[in-house]
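Novice: no sequence for this one, just the structure:
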């Protein structure tokens, strides 16, 4: 079954269910079903492309889309998260945080401004830059694919891995691009470990295989690195240059050698097919839930029509169930207490975990500073600190997700009387929604003084030694400048130079520690705000989700109670006619329930499936 046929089949089933729900005057069920129908009609699938700087990310994106849309160069060219989607006319906009925490704002950009965008773009007027959105007329994007190009993981002033991890939770697939010149680094492996927990489909693209004859050895070494770290994901060798030439020359052999065939296969099997299974399962659950709610009212009324003696007992049971549902719906219900207390505890624990991780990082880097001269290795310190802080923020994000899912399960336990309750999808709630932590940078140290200043310090110290020893020598009849006074000058000059060197080293160490503390304080400040916003979104999602469940249950019981009471008072002449109509509706609902069961019986997409192309 092709994707289009499958979508039409799902839309047909949803339309039938919506018609039944609308006929029963259940607008609450209609709304949820129409949201699902919208997802089927417009299936947006986000593909995030990440990697260290100068690994060929933007070049890969251009080759994937077969058009020059991302800037390519020897230096870091992607300064801000860039989302590429379909548009009938080419256009671009910079998305920035709203003033005072309001709605985000989109600032239109000219085509020439796209390549120069950074997190400190003047167009943002000091507000946090969320992303750059570019629309182009492209066939692949027209099929519902959204490609997200990200800044390099180790690029100065872009937030490192933490910034990229912020867009991963809402992604359907993540490609980590690493060129075939060297093996995977520790930051890349650590990034893959974290991404694996946040996204269902991840692949490593070993790029530039056309430039390096030894790429197969690097490919094999990368596979061993991942295996040792317990990261089981797909690995695909690719060449963007060969792909570009193949498309320009229409050369099928070059296309095969480029390695893009397995990339598209990965997208078909691990993204499109997985998404179709997930959507089908969601539709099955929603149809089954709607059928249960509709059957409750129809069945209650039908029982009252067929057997008036049982109607009184049915009404009593419905009233009892309605009372229980009302208690669950009230603000003082146990599930709301669990949710409120759980979110409060979660906020405190997440903040403590974040600060503890950052304190450990600060302690480790200060120990290194105390044992070394930070002025000679400050760029290395900055690179290590940015990568380590990014890892810490990523682990904090993973822990937040684990705790949030656990909280959702504890709240869902209060609804066991209603049967199995599905948890809402929390992944997108973890996505970043604007933060200034990307702009946090480590302050530069004052450079060490040059040779001239060092000579001046030595001469200044030796001068006093020459004068003092020379004056003492004049008492013995020696000249002011004599071998003894010169030796004293050398000794005192050396001591002055040594003392000055130690003092400046101590100052550099103190300045380095202060710079690290300020950097970590800035990261903690901005990330703390981002974490609070994330937890607020999770709280609202869980609250609205379980409130909607309680509302639907209460409304279904109200409808059933009203229908049973009206049926008991219905005239005998109309009982048979009404019963026939209800039986017809019940058969339709039963058919919907059967369809739901068949959809849920299909095997779910594997949580983490791996596809590997052998070199």
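Specialist: On my side now, so go ahead. Predicted model, so just to flag it, every value in this text is computed and none were measured.
Novice: where in the stretch 401-550 of the chain is pLDDT low?
Specialist: Within the stretch 401-550 of the chain, the ranges that satisfy pLDDT under 70 run 416-421, 427-429, 432-440, 446-501.
Novice: apply 90 and report the result again.
Specialist: Across the stretch 401-550 of the chain, residues meeting the criterion (pLDDT under 90) sit at 401-513, 515-516, 519, 522-550.
Novice: in the stretch 51-200 of the chain, which spans are strands?
Specialist: 82-86, 91-96, 105-109, 129-136, 145-149, 173-179 (DSSP state E, counting those that start in this stretch).
Novice: save those as a markdown table, and put in distance to residue 409 and mean pLDDT too.
Specialist: Bear in mind the C-beta positions are built from the backbone N, C-alpha and C, glycine included. Compiled in a markdown table, these are given as follows (distance: least, Cβ to Cβ, whole Å; pLDDT from 0 to 100):
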| stretch | distance to residue 409 | mean pLDDT |
| --- | --- | --- |
| strand 82-86 | 32 | 88 |
| strand 91-96 | 34 | 84 |
| strand 105-109 | 37 | 83 |
| strand 129-136 | 31 | 84 |
| strand 145-149 | 30 | 88 |
| strand 173-179 | 26 | 91 |
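Novice: adding mean neighbour count, write the ones you listed out as JSON lines.
Specialist: Shown next, in JSON lines, are the strands of the stretch 51-200 of the chain (neighbours: other Cβ atoms under 10 Å):
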{"stretch": "strand 82-86", "mean neighbour count": "21"}
{"stretch": "strand 91-96", "mean neighbour count": "19"}
{"stretch": "strand 105-109", "mean neighbour count": "15"}
{"stretch": "strand 129-136", "mean neighbour count": "21"}
{"stretch": "strand 145-149", "mean neighbour count": "23"}
{"stretch": "strand 173-179", "mean neighbour count": "25"}
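Novice: with distance to residue 382 added, can I get the ones you listed in TSV?
Specialist: Listed next are those as TSV, based on distance: least, Cβ to Cβ, whole Å:
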stretch	distance to residue 382
strand 82-86	25
strand 91-96	27
strand 105-109	30
strand 129-136	21
strand 145-149	24
strand 173-179	22
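Novice: and the ones you listed: which comes nearest residue 61?
Specialist: Residue 61 lies closest to strand 145-149 among the strands of the stretch 51-200 of the chain, at 5.2 Å (Cβ to Cβ).
Novice: parallel or antiparallel, list what pairs with the closest one.
Specialist: Applying DSSP bridges to the sheet, strand 145-149 is found paired with strand 45-50 (parallel), strand 82-86 (antiparallel).
Novice: how far away from the center of its chain is the last one?
Specialist: The one in question is strand 82-86. 17 Å (Cα atoms, centre = their mean, to the nearest Å).
Novice: would a markdown table of the strands paired with strand 145-149 with distance to residue 217 be doable?
Specialist: Output for these, formatted as a markdown table (distance: least, Cβ to Cβ, whole Å):
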| stretch | distance to residue 217 |
| --- | --- |
| strand 45-50 | 24 |
| strand 82-86 | 33 |
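Novice: wait, which of those is closest to residue 334?
Specialist: strand 45-50 (37.4 Å).
Novice: of the strands of the stretch 51-200 of the chain, which approaches residue 262 most closely?
Specialist: strand 173-179 (11.9 Å).
Novice: about what we covered before: how about the strands paired with strand 145-149, which one is nearest residue 370?
Specialist: Of the strands paired with strand 145-149, the one closest to residue 370 (Cβ to Cβ) turns out to be strand 45-50, at 34.4 Å.
Novice: out of the strands of the stretch 51-200 of the chain, which is closest to residue 237?
Specialist: Nearest of those (Cβ to Cβ): strand 173-179, 10.8 Å.
Novice: which elements pack onto that closest one?
Specialist: Applying 3 or more Cβ pairs under 8 Å, 6 or more residues apart in numbering; DSSP states H and E, one finds that strand 173-179 contacts strand 45-50, helix 57-65, helix 186-198, strand 202-207.
Novice: tell me the most buried of these?
Specialist: strand 202-207 (a mean of 26; mean count of other Cβ atoms under 10 Å).
Novice: buried ones in the next helix or strand after it, by neighbour count?
Specialist: On the C-terminal side of strand 202-207, the closest following helix or strand by DSSP states H and E is helix 215-228. By 16 or more other Cβ atoms under 10 Å, the buried positions in helix 215-228 come out as 215, 218-219, 222-223, 225-226.
Novice: for helix 215-228, packing partners?
Specialist: Against helix 215-228 (3+ Cβ pairs under 8 Å, 6+ apart) you get helix 186-198, strand 202-207, strand 234-237.
Novice: what's the closest of these to residue 45?
Specialist: Of all those, strand 202-207 comes closest under Cβ to Cβ, at 14.3 Å.
Novice: partner strands of that closest one and their direction?
Specialist: Partners of strand 202-207 in its sheet, by DSSP bridges: strand 173-179 (parallel), strand 234-237 (parallel).
Novice: looking at these, which is closest to residue 544?
Specialist: Across these, closest to residue 544 is strand 173-179 (Cβ to Cβ), at 28.1 Å.
Novice: mind checking the helices and strands packed on strand 173-179 for the one nearest to residue 130?
Specialist: Closest among the helices and strands packed on strand 173-179, using Cβ to Cβ: strand 45-50, at 14.6 Å.
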